[in-house]
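Visitor: Test case, fold it:
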Amino acid sequence: MIEQNRISIIGGTGKEGKGLAYRWAKAGYEVCIGSRKLERAQEAITEIFSMQKDNNNFVLHADENEGAAKWGEIVVLTIPYAHHEEMLHQLKPFLEGKFFMDVTVPLVPPKVSVIQIPEDGSVGLKAQRILGDTVKVISAFQNISFELLLKDDPIECDVLLSGSDKEAREIGMQLVKDAGLEVWDAGPLENAIIAEGLTSILIRINKQYNTHSAGLKITGIEK
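Guide: Below you'll find the predicted structure:
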């Protein structure tokens, strides 16, 4: 577990946010669920507590988005792409000097199985531009089904992680490992578009083969 023990998840009331919160709380992190409405964050916490097994001592908090962003040492964003830019501007005053993990995928309904490339080159680069150089941006988890995160079973899919610098990537990789997944350093944020784009391909594969959790696996490397 990394030194920064407090993780805030903005958009944590969604299924992916709750899945990450569950896995990090299980690993011993203190987690805050952020939402536009405090009541929804509290409901999400109740649901996550109900998932506890083996007498895990989860430490969970609920707050509105701005309060959660202030509280967290690491802030994680798990929201639909349509609200991404607006939320970044809202959170920016509270993120200076922090690590910021962006899980957002540039999906544009109804063509969610067609890759969309943001003007900045990737969602990760867009986040870095808006938040500025004082925030260390990490891009990860785009290719992991929320259904897998919400279960205790081992996840066979790998995570490609990009980051603003080596320190950001090292912090992010440890967070992924603590969530119970295999992770690979995919380099700078310019490379984040590959993982972001793969989500649309995996959505297409899921539809074509009638499944819900197609994923990525890196092979040919002995570890």
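Visitor: tell me what the helix or strand of the chain with the lowest mean pLDDT is packed against?
Guide: Of the helices and strands making up the chain, the lowest-confidence element is helix 146-149, at a mean of 91, by mean pLDDT, DSSP states H and E. Under the contact definition 3 or more CB pairs under 8 Å, 6 or more residues apart in numbering; DSSP states H and E, helix 146-149 sits against helix 15-26. Heads up, the C-betas are built off the backbone N, CA and C, glycines and all.
Visitor: So what touches the helix it packs on?
Guide: The list of residues contacting helix 15-26 from outside it, by CB atoms under 8 Å, 6 or more residues apart in numbering, reads 7, 9-12, 31, 33, 44, 47-48, 51, 56, 58-60, 76, 78, 103, 141, 144, 146-150, 175, 178-180.
Visitor: In strands, which of those appear?
Guide: Among these, the ones falling in strands (DSSP state E) are 7, 9-10, 31, 33, 59-60, 76.
Visitor: can you tell me which residues contact Met51?
Guide: So Met51 contacts 22, 150 (CB under 8 Å, 6+ apart).
Visitor: now it: how far from Asp152?
Guide: Counting by CB to CB, to the nearest Å, the gap from Met51 to Asp152 is 9 Å.
Visitor: From the contacts of helix 15-26, list the buried ones, please.
Guide: For these, burial is judged from neighbour counts taken by 16 or more other CB atoms under 10 Å, and it is met by 7, 9-12, 31, 33, 44, 48, 51, 58, 60, 76, 78, 103, 141, 144, 146, 148-150, 175, 178-180.
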